[in-house]
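**Q** got a sequence here, can you model it:
(one chain, ligands or ions: 1)
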Amino acid sequence: MPTIAHEISVFGDAIAFFNEAASLLNLDAGTRAILTHPSRQIIVSIPFERDSGELEVYTGYRVQYNFTRGPAKGGIRYHPGVTLDEVTALAFWMTWKCAVVDLPFGGGKGGVTCDPAVLSQGELERITRRYAAELVEVIGPDKDVPAPDVGTTPQIMAWFMDTYSMHVRQNTPGVVTGKPIELGGSRGRVEATGRGVTLCAVDQLEEMKIDVRAARVIVQGFGNVGSVAAKMFAERGAHVVGISDVSGGYYNSSGIDVAGAIAHAQEHQSLEGYRGGDRLSNARLLEQPCDVLVPAALEDQITLENAGRIQARLIVEGANGPIRPDADRVLAQNGVVVIPDIIANAGGVIVSYFEWCQDRSGLFWKEAEVNERLTDHLIGNFRHVRELAQRRRIPLRTAAYVVAIDRVVKALRMRGVYA
Ligand code: NAD
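**A** Prediction:
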């Protein structure tokens with residue numbers, strides 16, 4: 001499978017955000033060097049048999065970026081654009097995400113360069129089992145805990161958990177999160193990231209004195225994160241005027257019927273053919289009039305090229321890295337408030353943490369309890385970040401990095417550098 005080359009380094013861009021906050025913390029060069037180097041980058045070959053009987057080899061990655069505050073934690077992506085650079089950036093973001101919402105985890109991420117849309121369930125299972133088997137020595141509930149990301153599902157987590165458990169000869173549900181509930185998954189996990197996006201947005205809209213019931217919302221990406229966020233915005237009375245997925249964008253100034261769009265996407269595995277809005281390109285959808293824009297697809301969607309045409313007053317980063325650093329500055333100059341990915345989409349990892357706790361204790365919580373704890377944990381940390389942003393007159397993103405880096409650095413200093 002050929003890799004889609006990135007024109008720029010995603011990890012290089014990610015470090016730009018880190019450096020801004022590191023300067024505000026007067027971080028010394030040595031500590032900066034430690035925190036801008038991944039602890040471990042693993043590349044594995046995944047030979048597997050196609051349904052046709054042919055043998056193929058895909059490439060898989062796992063980056064364990066940092067272990068200072070606990071085991072590495074982060075999703076597994078199955079997508080044609082997966083590269084070591086992208087996985088490293090995603091693992092880097094996970095480190096700050098876990099720290100900014102105060103979870104006892106470091107950061108990690110994994111991926112396989114493949115297109116799940118053209119693979120059968122059997123092929124996906126064989127790829128997943130071989131990928132898990134290749135990583136068996138370096139993952140585990142106290143080492144590194146994967147989860148779903150773009151292109152991976154609870155079923156894939158179930159195969160991953162089963163493969164690991166077979167290798168270590170004991171049932172180990174805590175090795176991955178985002179599992180089906182029947183296998184030790186948490187209630188509320190599937191919706192957690194989209195729920196968190198909406199919770200942060202509603203809290204910020206209140207701060208900006210915008211009534212959520214008057215807010216027009218555009219959501220880019222209609223997968224796990226985007227579709228749930230759209231549904232929850234609609235439940236809160238907001239007008240979801242635009243949605244999109246890989247098939248294109250759909251805009252309706254009188255409001256999209258979100259439940260109908262979800263039913264369509266479930267039936268057709270895509271929004272292709274959806275008739276509840278005017279069809280336009282994904283790029284143009286981002287530039288349509290709205291109050292809240294939720295990029296919930298992939299990175300690098302808002303760049304220097306289109307940043308000046310964004311009309312939203314608030315952007316909530318459902319995806320990881322959807323705004324490039326130079327575009328972020330243009331948005332700030334134009335007064336657009338951005339809730340950064342490391343906090344806006346942290347609902348998923350917070351409930352993954354709850355799942356890990358439940359698996360280890362063997363005691364499972366009701367959905368209402370999960371959602372209540374998620375709200376407390378996420379919004380408590382978000383308000384802490386916002387207070388810092390207001391006090392120091394810095395963007396929310398910089399404040400989130402300051403809080404996260406400060407927590408990791410404190411732990412690093414207490415542990416010391418083992419040499
Ligand atoms: P998913 O695979 O369920 O959905 C991705 C969606 O994006 C699909 O609807 C796809 O059609 C769409 N898409 C792909 N390319 C697109 C494009 N160019 N324009 C518009 N839409 C496009 O993935 P997901 O789990 O919803 O993840 C989306 C983003 O959220 C990723 O950046 C991921 O890292 C991030 N994220 C996910 C979680 C989680 O719990 N799933 C947690 C934190 C962050």
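**Q** pLDDT below threshold where in the protein?
**A** Applying pLDDT under 70 to the chain picks out residues 1-7.
**Q** and it, which residues reach the ligand?
**A** Residues of the chain found near the ligand (Cβ under 6 Å from any ligand atom) are 148-151, 193, 220-226, 244-246, 282, 296-298, 318-320, 345, 348. For glycine as for every other residue, the C-beta is placed from the backbone atoms N, C-alpha and C.
**Q** filter these down to the buried ones, ChimeraX style.
**A** Entered in ChimeraX, the line below selects the buried ones among these, by 16 or more other Cβ atoms under 10 Å:
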select :148,149,150,151,193,220,221,222,223,224,225,226,244,245,282,296,297,298,318,319,320,345,348
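**Q** just the ones of the residues of the chain next to the ligand in helices?
**A** Secondary structure assignment by DSSP state H places 193, 224-226, 282, 348 of those in helices.
**Q** of all these, which two lie farthest apart?
**A** N282 and G348 (22.8 Å; Cβ to Cβ).
**Q** can you name the residue of the stretch 101-250 of the chain nearest the ligand?
**A** Closest contact between the stretch 101-250 of the chain and the ligand, by Cβ to the nearest ligand atom, is at G223 (1.7 Å).
**Q** for that residue, grab phi and psi.
**A** With angles defined as degrees, to the nearest 10, G223 sits at phi -90, psi -140.
**Q** so which of the ones in helices among the residues of the chain next to the ligand comes closest to G308?
**A** N282 (17.8 Å).
**Q** residues contacting that closest one?
**A** N282 is in contact with 220, 244, 248-249, 297, counting by Cβ atoms under 8 Å, 6 or more residues apart in numbering.
**Q** how does it look with 10 Å?
**A** The contact partners of N282, by Cβ atoms under 10 Å, 6 or more residues apart in numbering, come to 220-221, 244-249, 297, 301.
**Q** again with R187
**A** Contact analysis of R187 by Cβ under 10 Å, 6+ apart lists 181, 351, 354-355, 358, 364-371.
**Q** please, where are all the helices along this structure?
**A** With helices called from DSSP H, the chain shows them at 10-24, 29-35, 84-100, 121-134, 154-168, 189-207, 224-235, 258-268, 282-286, 325-333, 341-344, 347-361, 367-392, 396-415.
**Q** need these in CSV (columns: distance to R275).
**A** Below are these laid out as CSV (distance: least, Cβ to Cβ, whole Å):
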stretch, distance to R275
helix 10-24, 36
helix 29-35, 49
helix 84-100, 35
helix 121-134, 30
helix 154-168, 30
helix 189-207, 24
helix 224-235, 17
helix 258-268, 9
helix 282-286, 16
helix 325-333, 32
helix 341-344, 31
helix 347-361, 31
helix 367-392, 33
helix 396-415, 37
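**Q** nearest to V57, out of those helices?
**A** The closest of the helices of the chain to V57 is helix 121-134. By Cβ to Cβ, the value is 9.9 Å.
**Q** can you name every helix or strand that that closest one contacts?
**A** Packing contacts for helix 121-134, counted by 3 or more Cβ pairs under 10 Å, 6 or more residues apart in numbering; DSSP states H and E, involve strand 40-49, strand 55-66, strand 72-79, strand 107-113, helix 154-168.
**Q** could you give me the buried positions within that helix?
**A** For helix 121-134, using 16+ other Cβ under 10 Å, the buried residues are 123-132, 134.
**Q** of all those, which two lie farthest apart?
**A** Pairwise distances across the buried residues of helix 121-134 peak at 16.7 Å for E123 and E134 (criterion: Cβ to Cβ).
**Q** how many residues are close by the residue lying closest to L396 once chain neighbours are set aside?
**A** In space, and not counting its chain neighbours, L396 is closest to A389: 5.0 Å by Cβ to Cβ, 6 or more residues apart in numbering. Residues lying near A389 (other Cβ atoms under 10 Å) number 19.
**Q** what of H37?
**A** 12.
**Q** where's it relative to I15, distance?
**A** From H37 across to I15, the span is 10 Å (Cβ to Cβ, to the nearest Å).
**Q** which neighbours do the two share?
**A** Overlap of the contact sets of H37 and I15 (by Cβ under 10 Å, 6+ apart) consists of F92.
**Q** and the residue of the stretch 101-250 of the chain closest to the ligand, how far is that from A265?
**A** Counting by Cβ to Cβ, the separation of G223 from A265 is 9 Å.
**Q** give me the common contacts of the two.
**A** Common contact partners of G223 and A265 (Cβ under 10 Å, 6+ apart): D245.
**Q** for the chain, identify the residue most remote from the centre.
**A** No residue in the chain sits farther from the centre than G53, which is 35.0 Å out by Cα atoms, centre = their mean.
**Q** neighbours of A238, how many?
**A** A count of nearby residues for A238, using other Cβ under 10 Å, gives 26.
**Q** now swap in G276 and tell me
**A** Other residues near G276 come to 16 when the count uses other Cβ under 10 Å.
**Q** for R329, same thing?
**A** By other Cβ under 10 Å, 14 other residues sit near R329.
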